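*Asks:* show me the folded form of this:
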Amino acid sequence: MKNLIIGIFMIFITTNPIYSCDDIEVHKKVINYILDHEGDKVLKTKSEYSKYGIRNSLLKRYNKKNNLNYTIKTLNKEKATEIALDLMNEYKINEIERCDIKLIVYDLFYNAGPKAGALVSQRALNRYHNGREIDLMVDGKMGNETLRYLNKIDDLKFFILIFTDERLKYYSNLKNWEKYKNGWKKRIYSFFEIKELKCQF
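*Replies:* Okay, here's the model as predicted:
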C-alpha cells in the first residue's frame, strides 16, 4: 500500500494559484471539493437520512442554533456550503494555516466526524515528528497543541503520505470497510491531484 501511495503522490502539482489562507473563497473551494465527493443524493442509513454528507440530526442541531427550518429533502449545495462553513469553525479547521492541509484534514473531519479527524491527525503528527519534537496526546480532541503542530508542518509531501496511511488504517478497521473501501480509497487518493489550492504566507 505504501508504494501505491508514493506512486500516486508523484502526480501532485505544485504550480498552483496563490490565495490568502483565511480567504472565505478558499474555504468555499475546500468545501466545494468535499461536497462534490459527498454528492447530492438523499441517502438513508439504519437510523437517519443524509444529503451532501449532512445527517438529519446535524441539520436539526444547525436549525435550532440558527432558527432555521432546512430539511434534508430541500437541502441544496448553497445551504450545504453554509452549514459546512459553520462546521469548519466549530471543528477549528479555520485555524489551520495551510490551505492544502486544511483541505485534507477537513475532508476527514467532515466524512468521519471530529473525533476520528482529530485521532488520525494526532497519530500522523506524532509519526511526522518521529518523537523528536513532540509527544502529542492522541485523545481525539482538536486542541491548541494539535493545531499548533499542524501549523508547523514544512514538508507537505511527507505529511500527506503519513496522513493518508493513517486515514486508510482508520477506515480499514471500520465494520463497513469492505462495502465502501473502493469509494473511500478513490476519495482519499484524489487529494494528491489538487491543483487549485496553495496558500501565501
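
*Asks:* and residue 52, how many residues sit next to it?
*Replies:* As a burial measure, residue 52 scores 26 neighbours (other C-beta atoms under 10 Å). Where you see a C-beta, it was placed from the backbone N, CA and C, and this is true even at glycine.

*Asks:* that one against residue 80, yeah?
*Replies:* Yes. Using C-beta atoms under 8 Å, residue 52 is in contact with residue 80, at 3.8 Å.

*Asks:* which residues do the two both contact?
*Replies:* residue 35 (C-beta atoms under 8 Å, 6 or more residues apart in numbering).

*Asks:* tell me how many other residues surround residue 30.
*Replies:* 26.

*Asks:* now it: how far from residue 174?
*Replies:* Using C-beta to C-beta, to the nearest Å, residue 30 is found at 24 Å from residue 174.

*Asks:* name the helix or strand for the closest residue to residue 69 other than its chain neighbours, please.
*Replies:* Spatial nearest neighbour of residue 69, excluding adjacent residues (C-beta to C-beta, 6 or more residues apart in numbering): residue 63 at 6.0 Å. In the assignment (DSSP states H and E), residue 63 maps to helix 56-66.

*Asks:* so where is this structure shaky, pLDDT-wise?
*Replies:* Low-confidence segments of the chain (pLDDT under 70): 1-23, 131-133, 193-201.

*Asks:* just the helices in it please.
*Replies:* Under the criterion DSSP state H, the chain contains helices at 2-9, 24-38, 56-66, 77-90, 99-112, 114-129, 144-150, 156-172, 177-189.

*Asks:* list the buried residues for the fourth one?
*Replies:* Neighbour-count burial for helix 77-90, with 16 or more other C-beta atoms under 10 Å as criterion, is recorded at 79-81, 83-85, 87-88.

*Asks:* list the contacts of residue 187.
*Replies:* If you count contacts by C-beta under 8 Å, 6+ apart, residue 187 has them with 37, 107, 111.

*Asks:* can you do 10 Å?
*Replies:* Residues counted as contacts of residue 187 (C-beta atoms under 10 Å, 6 or more residues apart in numbering) are 34, 37-38, 107-108, 111, 167, 171, 180.

*Asks:* kindly report the same for residue 88.
*Replies:* Neighbouring residues of residue 88 by C-beta under 10 Å, 6+ apart: 27, 30-31, 34, 94-96, 102, 106, 109-110.

*Asks:* if we go to 8 Å?
*Replies:* 27, 30-31, 94, 106.

*Asks:* now do the contacts for the residue lying closest to residue 96 once chain neighbours are set aside.
*Replies:* In space, and not counting its chain neighbours, residue 96 is closest to residue 102: 4.4 Å by C-beta to C-beta, 6+ apart. Residue 102 is in contact with 21, 26, 30, 93-94, 96, counting by C-beta under 8 Å, 6+ apart.

*Asks:* can I get those in TSV including distance to residue 123?
*Replies:* Output for the contacts of residue 102, formatted as TSV (distance: C-beta to C-beta, whole Å):
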residue	distance to residue 123
21	24
26	26
30	22
93	18
94	22
96	17
